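Participant: Below are the sequence and a predicted model; questions follow.
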Amino acid sequence: MEKTDNSIIRIAIVGPESTGKSDLAKDLAIHYNTCYVEEYAREYINKLNRPYTIDDIIAISKGQMELEDKMAAKANKILFCDTNLVVTKIWAEHAYKQCPEWISVNLKKRQYALHLLTNIDMPWMPDPQREHPYLREYLFEKYQRELDNEKVAYTIISGIGNERISQAIKAIDTLLYPLTGLP
């Protein structure tokens with residue numbers, strides 16, 4: 001039986017490249033016995049035989065939201081989203097100095113109970129899709145400003161290894177208690 005969209009608590013994991021978003025999403029899904037939404041951009045860009053364009057960022061944004069909606073039907077009360085439209089907005093603004101209207105409009109429509117903003121205090125891990133090892137502080141500040149401007153709930157997740165997952169669990173449990181009444 002499919003659940004309605006409103007029955008799922010969505011938590012977005014956002015932040016600069018190589019800050020542990022994917023690992024955190026997986027670990028949290030395991031801890032809370034639910035599923036998570038993978039980063040659609042990785043799959044999309046792996047299939048490109050050319051440099052990406054702003055139209056690709058729009059397509060990635062749409063694909064991410066479709067995947068999120070699909071996974072929400074499978075989630076067990078909570079859905080962890082490895083990136084969301086905040087990420088594609090900042091990516092487009094950084095790469096192309098503009099945010100496509102589709103992203104701006106849909107960013108306002110998507111509601112998350114919490115954003116986990118991953119800090120830059122872990123080592124950079126090289127990856128062919130990662131582009132900005134020397135802009136992590138700048139990009140982290142852009143994410144923080146964006147979340148502040150959007151007036152959404154967020155917690156900065158810092159530390160190495162288990163420190164990150166522990167901080168995230170504490171923030172999520174603090175959020176969940178008033179919503180569910182569970183300790």
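Facilitator: Done, it's in. Residues are numbered from 1 along each chain as shown.
Participant: Am I right that residue 160 sits in a helix?
Facilitator: No. Assigned with DSSP: H, G, I helix; E, B strand; the rest coil, residue 160 falls outside any helix and is coil.
Participant: pretty sure it is touching residue 118, no?
Facilitator: No. Under the criterion of Cβ atoms under 8 Å, residue 160 is not in contact with residue 118, lying 11.8 Å apart. The C-beta positions use only the backbone N, C-alpha and C, and glycine is treated the same way.
Participant: Neighbour count for the two, which is higher?
Facilitator: residue 118 (24 against 10; other Cβ atoms under 10 Å).
Participant: Any idea what the more buried one is bridged to?
Facilitator: Beta-bridge partners for residue 118, by DSSP bridges, are residue 157.
Participant: how much space is there between it and residue 97?
Facilitator: Separation of residue 118 from residue 97 (Cβ to Cβ, to the nearest Å) stands at 24 Å.
Participant: quick one, helices of this protein?
Facilitator: Applying DSSP state H to the chain gives helices spanning 21-31, 40-47, 54-72, 85-96, 101-109, 136-150, 162-180.
Participant: what comes into contact with the second one?
Facilitator: Outside of helix 40-47, the residues within contact range by Cβ atoms under 8 Å, 6 or more residues apart in numbering are 52, 56, 59-60, 63-64, 67, 83, 88, 129.
Participant: Nearest spatial neighbour of residue 38, chain-adjacent residues omitted?
Facilitator: Closest residue in space to residue 38, ignoring its immediate chain neighbours: residue 82 at 5.7 Å, by Cβ to Cβ, 6 or more residues apart in numbering.
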